[in-house]
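Peer 1: Turn this into a model:
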Amino acid sequence: MSLPVRRGGERFSDSLSLDFVEPEGGVGALVLVEVRPGAGRVRAVELVLDPGEVAVMAAPELHGDVPSDWGAVELDGLKLADDGERARISLTNEAGELELEAKRLGGVTLEAGSAFADATGLSHEAFAARVTGEWRPRGGEPRRIEGLGRLVRTSGEPGWDRIELLRSLTAVMEDSSLLVVASARPLGAAGHGEEATSAVLLDAEESLTRFDEPLLSTEYDAAGTHRRAGVELWGPDEATALRGAGTRIGDAAAGAGGLETAFLRFTLNGARGTARYDLQRAAA
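Peer 2: Numbering: from 1, shown residues only. Okay, the predicted model is just below:
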């Protein structure tokens, strides 16, 4: 059964993305599709790293009729189908062909009642996913894909009149545990300390922990692009904190709508995995 596209006002959007990356700097990819039903607009971000460097970055867009569900979305060489359990993507462009299938594992949601959702008006859902497929670069050898990745869905109408920056980190560890951290910086804020931040961890035993005052820090390179991230998470007993750190794999990339994405090698209290770290400024 296909997932319906959520609807609202003209600036309301419903976005769905699939990503994965090989932790040692191999192939990685992000495909994100955003639907704005009220504006009759669909756009995508397509990013492939091969290996560790951006092989292709595209941002196709169309205006007119928009899909009513996520069961069959097509956009300039991109096909996406999601039934709520598995997502399938087929992408063809001048750099090559990408075929992916992602099976959902555990998932979490930041919704009304969380600091992030209340500050932004957004619902933010993330799932760890088992990803398989193939990348076939033009003029190169096919590369088989098999590993863990992420499915992320965000919907709502963010208040860009009061928000300067949105940040989210979604980490999947080798044991399939999932960490989601998301924050919103108000206009005029002095720094991270004034952001509305939420975090939730779903561990390998499917135990869920929410953190009241998570810290998400970012280190930038000389070009102003995020290269490292750190998290500090205090649990309900406040006896010890979970700490995580990530370092960028290859290049970061800027996409449509003010989005900047980096893939990270990530550790959480010594456990290894990968993460996707997004920064987003006000969309045009």
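Peer 1: give me the beta-bridge partners of Leu91?
Peer 2: Leu78, Leu98 (DSSP bridges).
Peer 1: if I read this right, it contacts Glu74, doesn't it?
Peer 2: No: between Leu91 and Glu74 there is no contact under CB atoms under 8 Å: 11.1 Å. All C-beta spots, glycine's among them, are computed from the backbone N, C-alpha and C.
Peer 1: So for the two, which residue has more residues nearby?
Peer 2: For Leu91 versus Glu74, neighbours defined as other CB atoms under 10 Å are more numerous around Leu91 (24 against 13).
Peer 1: Could you tell me whether Thr132 really is in a helix?
Peer 2: No: under DSSP: H, G, I helix; E, B strand; the rest coil, Thr132 sits outside any helix and is assigned strand.
Peer 1: what about it, neighbour count?
Peer 2: For Thr132, using other CB under 10 Å, the count is 16.
Peer 1: again with Tyr220
Peer 2: Neighbours of Tyr220 using other CB under 10 Å come to 11.
Peer 1: Could you do Thr240 as well?
Peer 2: 10.
Peer 1: same check, this time on Gly113
Peer 2: 8.
Peer 1: again with Leu122
Peer 2: By other CB under 10 Å, neighbour count at Leu122 equals 25.
Peer 1: cool, and Met57?
Peer 2: Neighbours of Met57 (other CB under 10 Å): 17.
Peer 1: just the one 10 residues further on next, same as before
Peer 2: A total of 19 residues lie near Pro67 under the criterion other CB under 10 Å.
Peer 1: so Leu151 bridges to which residues?
Peer 2: Applying DSSP bridges, one finds that Leu151 bridges with Leu18, Phe127.
Peer 1: show me the contacts for it.
Peer 2: Leu16, Ser17, Leu18, Asp82, Ala87, Ala102, Arg104, Gly107, Ala126, Phe127, Ala129 (CB atoms under 8 Å, 6 or more residues apart in numbering).
Peer 1: how near is the first one to Gly159?
Peer 2: So that's Leu16. 22 Å (CB to CB, to the nearest Å).
Peer 1: ok, now the fifth one?
Peer 2: Ala87 sits 29 Å away from Gly159 when distances are taken as CB to CB.
Peer 1: With neighbour numbers in mind, choose between these two.
Peer 2: A direct count of neighbours by other CB under 10 Å for Ala87 and Gly159 places Ala87 higher, at 24 against 15.
Peer 1: Remind me which helix or strand that one belongs to.
Peer 2: strand 86-93 (DSSP states H and E).
Peer 1: C-alpha coordinates for that strand, CSV please?
Peer 2: C-alpha atoms of strand 86-93 as CSV (Å, rounded to 0.1, in the frame of the first residue of the first chain):
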residue,chain,number,x,y,z
ARG,A,86,10.4,-0.8,1.2
ALA,A,87,11.5,2.1,-1.0
ARG,A,88,12.9,1.6,-4.5
ILE,A,89,14.8,4.1,-6.5
SER,A,90,16.0,4.1,-10.1
LEU,A,91,18.1,7.0,-11.3
THR,A,92,19.6,7.6,-14.8
ASN,A,93,21.7,10.6,-15.8
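Peer 1: in stretch 175-195, what counts as buried?
Peer 2: Judged by neighbour count (16 or more other CB atoms under 10 Å), stretch 175-195 contains these buried residues: Ser176, Ser177, Leu178, Leu179, Val180, Val181, Ala182, Ser183, Ala184, Arg185, Glu195.
Peer 1: oh sorry, the question was meant for stretch 8-26
Peer 2: For stretch 8-26, by 16+ other CB under 10 Å, it's 12-23, 26.
Peer 1: Please enumerate the strands of the stretch 1-150 of the chain.
Peer 2: 13-21, 28-36, 41-49, 54-58, 61-63, 73-75, 78-82, 86-93, 96-110, 122-137, 143-156 (DSSP state E, counting those that start in this stretch).
Peer 1: Any stretches of the stretch 151-284 of the chain with poor pLDDT?
Peer 2: Low-confidence segments of the stretch 151-284 of the chain (pLDDT under 70): 190-193, 237-239, 255-257, 283-284.
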